[in-house]
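Colleague: sequence and predicted model, in that order:
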Protein chains: 4
Amino acid sequence: MKNLKLVKSEDSARKSTIKVGNCEIGKDFIIIAGPCSVESEEQTMLTAEAVKQGNGNMLRGGAFKPRTSPYDFQGLGLKGLKILEKAKLKTGLPIVTEVIDPRDVSWVCEYADILQIGARNMQNFSLLKEVGKSKKPVLLKRGMYSTLREWLNCAEYILAEGNPDVILCERGIRTFETYTRNTLDLSIVPAIKELTHLPVMVDPSHGTGKLSLIEPMSLAAVAAGADGLLLEVHINPKEALSDADQQLTPEQFVNLTAKVLKLKKFMDESIYPLDGLEG
Amino acid sequence: MKNLKLVKSEDSARKSTIKVGNCEIGKDFIIIAGPCSVESEEQTMLTAEAVKQGNGNMLRGGAFKPRTSPYDFQGLGLKGLKILEKAKLKTGLPIVTEVIDPRDVSWVCEYADILQIGARNMQNFSLLKEVGKSKKPVLLKRGMYSTLREWLNCAEYILAEGNPDVILCERGIRTFETYTRNTLDLSIVPAIKELTHLPVMVDPSHGTGKLSLIEPMSLAAVAAGADGLLLEVHINPKEALSDADQQLTPEQFVNLTAKVLKLKKFMDESIYPLDGLEG
Amino acid sequence: MKNLKLVKSEDSARKSTIKVGNCEIGKDFIIIAGPCSVESEEQTMLTAEAVKQGNGNMLRGGAFKPRTSPYDFQGLGLKGLKILEKAKLKTGLPIVTEVIDPRDVSWVCEYADILQIGARNMQNFSLLKEVGKSKKPVLLKRGMYSTLREWLNCAEYILAEGNPDVILCERGIRTFETYTRNTLDLSIVPAIKELTHLPVMVDPSHGTGKLSLIEPMSLAAVAAGADGLLLEVHINPKEALSDADQQLTPEQFVNLTAKVLKLKKFMDESIYPLDGLEG
Amino acid sequence: MKNLKLVKSEDSARKSTIKVGNCEIGKDFIIIAGPCSVESEEQTMLTAEAVKQGNGNMLRGGAFKPRTSPYDFQGLGLKGLKILEKAKLKTGLPIVTEVIDPRDVSWVCEYADILQIGARNMQNFSLLKEVGKSKKPVLLKRGMYSTLREWLNCAEYILAEGNPDVILCERGIRTFETYTRNTLDLSIVPAIKELTHLPVMVDPSHGTGKLSLIEPMSLAAVAAGADGLLLEVHINPKEALSDADQQLTPEQFVNLTAKVLKLKKFMDESIYPLDGLEG
């Protein structure tokens, strides 16, 4: 893939790692969890504590929500960011939150530890350039129609502006299948590993849109070599203002992370005892 | 389709029209033509004159180019807009140009008669809201993976901000076919006509990406009921800085518009003598 | 496209024509119409007469129906073919009917003037070889996920067995769009014309699956250069055993063909007065 | 999903198992391996022994090859089946081989222990009915554009004819991604488990089309809950007459199965100690 000067790994052993709080993304296995949307202080604080208890490493939550209809809940904006800040103060969990407008990047950086670029904005090049100029790591989700080449070019946009800290996140692509919300493409994980030095995470919540499939796909993502998971957790999924069908309860989350971490440990110790993907 | 309060047409006979210069979009058949990118003053002025001679109604040209790779030509920016301004002064053709960043909307409005939202930004909701607050008509291209419902919701975003002047533009969707660059979905034209009161145009240049297919698909778009065409014209396509394979020469453009307008006249007089799509 | 020895046209002016009854497919514009399924003698005879009165050139009707579920109506089989035979005797219309099993080809040839291969069987190579050995023209529908290259290779299978009489038929491909049943890809029509010497028809009934879109897409198909149309007609669409939403009434059919033939005449006389697609 | 009377599992604990040789598919984890095509006796015998040594449970090999072009190698037919018979005699491995024509089903049953229906024939309903009348288990691959609902209906066709022994096999679907040959949809595995009582296997060779991705996707398939794997193995992949890019060498196969079986054991003992997918 030509023109991918900065994301490409000539030396397959070279892997970028990114320090956030006491995590080292690309080296440690990272679980980022939280509600789809920040809806209220109570909801966010309770979820944050559940995430912490369930071995989550970071808290995710949307203050700006890109929604298909203009009449759907658009997020709490600055108020939402302030709630996330409180949750961070209480739990110590770093904050991952989406930015959707280049005008917001500078002040969202005051609250976010990682800036998320959502699937619909993957090719919003103005936004990519702006987060490329910031000093915060960027979690770049794959567009729902995007090829690997297009996606890596979007990462290249960010690196070309001087920000080396990009984490890729597979979140499912659109296919003809309607049983799942999207089709989670796990083969992209080892493909990214062989082409680039960037860490890659997987979001089985958006990737399947179906509660019952989140656990098996989380485990599959670990086995495929993912560097971490994004999971939606809500204290009361039925009353969630968005994505009600795919948010785990705190109890489901704890059960899931226990299995995920057990499997990750096994993969590291017994399947790939020395190094990354080669055996 | 629920939630489409503003774009929906309860009365199928009600059709919005939009005045730009001496054209009435939605009533007159409109040909918008010009180069993919504004590359130089000479190229733009010569193309503008060719567009005028070839019965084009408006001049299109990109000053901001969303490109897959950060290392590809990104457009001339303000300099490009000033060139378009000169071309308008000389030919009288109104200017259609793309805006890709919400921070640019207010000053791009100084140069543009119609603001274009490109396929990759169809769901860039910050940008949609910003052009919704402007006073300029908006040409909203369909995203390359977008359903009709998603697209109409994006138009709804613009109308919900107070701007009633939205023109939809089909430019091909991504499919498995590789012979064409995209698959031009002409059935969307009558579908939009039966659901909404908005005008709808067709872009066979991006829709096919192949010079030889532009003429038959332009004629087919007319027969399907399109309100106009977007066509890429370049004085020297082989040296174009973008989309070299799909830009017509001035001579090809003149030949094409002659056929297109002849067919449009026939459709109006002989196939649908009294009104829109009913017979 | 390599390996397409027989379907390829080195000389773009060379076009194959196929004589069926008093029609010459590839030269005359052909309308093939009839019910999705042969359901009864009465339904078929009445429809056949309507097709004849509405300027249809051939009668289509399925005796073998490939259906998603095994519990859906599977067609009348031999009984259906005998009904089609009666309809042909009465109206003189040649019969186009689908064959789905290589074991049936020889005896279906006793009843059919043209053998149809449906979208789901496009790559049923055993069936393609068998119809390639028959003496009947073959109407080869495009698979719903098929690229042009794959489709033309399927035609090549038939020609390679010694049967030169293949008619291609675009019937819509599967995309993400749900408003229409399929996405009718009209750009394939001029693409086929520039690559091959084979005639190409369009099926807007399956291609859209929506009654209101059949007329505009039929007209668009004519403008794009199609050699004919396949249309579903039923004397009582609401009670049809299959495809109830996309079958025209006899009255709608008559109105549609009048417009289609008027447009076709105009295209031949005024847009392309001398020859095929070049101007 | 309505109309799926026979494949549906009302009681999620009820799982069908299928005895073939000394394997019990749906209970034991099954590895089916072998060359894409049977090319010669030597190639097949050597590969069969490698499969056996590498803990493969059954031998796969194509004697009838559905190929895009009529000029590509079409398989050895009966001669290929006789070679498979010899390989079975020598190694004791049951034979899995594709059938593509309903006329061949009865005599292919003399050689095959499991009949494979390939992706292109998933909706070849004549063929489905014929294998439904046979007494052999059927491995039904997913069509490359198929939804879960369509696929399960094809299994229903087979069960409705009286054959209860259907094994589903995910082999990747067509998407826009070009880095991989297909997109392997692992989420279909737990989806099938929750909807049906049928066993489901995964084919990472066709699913990725890329040697380097077969290992991580095989491991991911195990973690997602697959009942087994289909793997292409060739004694000299570079000289393979088909699918040269995705066939493992015997040595790669042995290394892979060791990891796969280690992981499967861990999943059974430590992640799901008592039962299927629930925890």
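Modeller: Yep, that arrived.
Colleague: and the residue positioned nearest the centre of chain A, helix, strand or coil?
Modeller: Nearest to the geometric centre of chain A sits A:Leu230, at 4.6 Å (C-alpha atoms, centre = their mean). With DSSP: H, G, I helix; E, B strand; the rest coil as the basis, A:Leu230 sits in strand.
Colleague: that one: what's it in contact with?
Modeller: Contacts for A:Leu230 were tallied using C-beta atoms under 8 Å, 6 or more residues apart in numbering or on different chains; they are A:Ile32, A:Ala33, A:Arg60, A:Val96, A:Leu139, A:Cys169, A:Arg171, A:Met201, A:Val202, A:Asp203, A:Ser205, A:His206. From N, CA and C alone the C-beta is placed, and that goes for glycine too.
Colleague: so which of the residues you listed belong to strands?
Modeller: A:Ile32, A:Ala33, A:Arg60, A:Val96, A:Leu139, A:Cys169, A:Met201, A:Val202 (DSSP state E).
Colleague: now do the helices in chain A.
Modeller: A:41-53, A:78-91, A:105-108, A:125-133, A:148-160, A:188-195, A:204-208, A:211-224, A:250-266 (DSSP state H).
Colleague: which of those helices sits most buried?
Modeller: The highest average neighbour count among the helices of chain A, using mean count of other C-beta atoms under 10 Å in any protein chain shown, belongs to helix A:204-208 at a mean of 28.
Colleague: quick check: closest non-adjacent residue to the residue of chain A at minimum distance from chain B.
Modeller: Nearest to chain B, among the residues of chain A, is A:Tyr145, at 3.3 Å (C-beta to the nearest C-beta). Sequence neighbours aside, B:Tyr145 is the residue nearest to A:Tyr145 in space, at 3.3 Å (criterion: C-beta to C-beta, 6 or more residues apart in numbering or on different chains).
Colleague: B:Arg120 versus that neighbour, what's the distance?
Modeller: 10 Å (C-beta to C-beta, to the nearest Å).
Colleague: what do you get for A:Pro250?
Modeller: Counting by C-beta to C-beta, the gap from A:Pro250 to B:Arg120 is 38 Å.
Colleague: do A:Glu239 as well
Modeller: 35 Å.
Colleague: got the residues of the stretch 101-250 of chain A near chain D?
Modeller: Contact residues, the stretch 101-250 of chain A versus chain D (C-beta under 8 Å from any C-beta of the partner chain): A:145-149, A:173, A:175-180, A:183-191, A:194, A:207-208, A:210, A:212-213, A:215-217, A:219-225.
Colleague: now for the nearest residue to A:Gly21 once chain neighbours are set aside, how many residues are close by?
Modeller: Once flanking residues are discounted, A:Gly21 sits nearest to A:Pro94: 4.3 Å by C-beta to C-beta, 6+ apart. By the measure other C-beta atoms under 10 Å in any protein chain shown, the count of residues near A:Pro94 is 20.
Colleague: contact partners for A:Pro94?
Modeller: By C-beta under 8 Å, 6+ apart, the contact set of A:Pro94 is A:Val20, A:Gly21, A:Cys23, A:Asn57, A:Met58, A:Leu59, A:Lys88, A:Asp113, A:Ile114.
Colleague: picking that back up, so can I have TSV of the helices of chain A showing distance to chain C and mean pLDDT?
Modeller: TSV is the format used below for the helices of chain A (distance: least, C-beta to the nearest C-beta, whole Å; pLDDT from 0 to 100):
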stretch	distance to chain C	mean pLDDT
helix A:41-53	33	97
helix A:78-91	31	98
helix A:105-108	31	96
helix A:125-133	23	98
helix A:148-160	17	98
helix A:188-195	19	97
helix A:204-208	16	97
helix A:211-224	20	98
helix A:250-266	30	97
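Colleague: make TSV out of those and add distance to chain B.
Modeller: Putting the helices of chain A into TSV (distance: least, C-beta to the nearest C-beta, whole Å) gives the following:
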stretch	distance to chain B
helix A:41-53	23
helix A:78-91	15
helix A:105-108	11
helix A:125-133	4
helix A:148-160	4
helix A:188-195	15
helix A:204-208	15
helix A:211-224	22
helix A:250-266	29
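Colleague: ok so, going back, of A:Glu239 and B:Arg120, which one has the most company?
Modeller: B:Arg120 (22 against 10).
Colleague: surely that one touches A:Asn121?
Modeller: No. Applying C-beta atoms under 8 Å, one finds B:Arg120 not in contact with A:Asn121, separated by 9.4 Å.
Colleague: roughly how far apart are A:Val254 and A:Leu211?
Modeller: 15 Å.
Colleague: er, A:Thr183 actually
Modeller: Distance, A:Thr183 to A:Leu211, using C-beta to C-beta: 17 Å.
Colleague: cool, and A:Ala33?
Modeller: Distance from A:Ala33 to A:Leu211, by C-beta to C-beta: 14 Å.
Colleague: repeat that for A:Glu85.
Modeller: 30 Å.
Colleague: ok, A:Gly143 next?
Modeller: 24 Å.
Colleague: nearest residue to the residue of the stretch 51-200 of chain A at minimum distance from chain D other than its sequence neighbours?
Modeller: Relative to chain D, the nearest point of the stretch 51-200 of chain A is A:Pro190 (4.0 Å; C-beta to the nearest C-beta). Residue nearest to A:Pro190 in three dimensions, not counting chain neighbours: D:Pro216, with 4.0 Å by C-beta to C-beta, 6+ apart.
Colleague: ok, the one you found touching A:Ala224?
Modeller: Yes. Judged on C-beta under 8 Å, D:Pro216 makes contact with A:Ala224 at a distance of 4.8 Å.
Colleague: shared neighbours, those two?
Modeller: Counting by C-beta under 8 Å, 6+ apart, the shared contacts of D:Pro216 and A:Ala224 are A:Ser187, A:Val189, A:Pro190.
Colleague: give the contact list for the first one.
Modeller: Taking C-beta under 8 Å, 6+ apart, we find A:Ser187 in contact with A:Ala224, D:Thr180, D:Thr183, D:Leu184, D:Gly207, D:Thr208, D:Leu213, D:Pro216, D:Met217.
Colleague: need the buried ones from the ones in strands among the contacts of A:Leu230 selected in ChimeraX.
Modeller: Buried members of the ones in strands among the contacts of A:Leu230 can be picked out in ChimeraX with the line below, counting by 16 or more other C-beta atoms under 10 Å in any protein chain shown:
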select /A:32,33,60,96,139,169,201,202
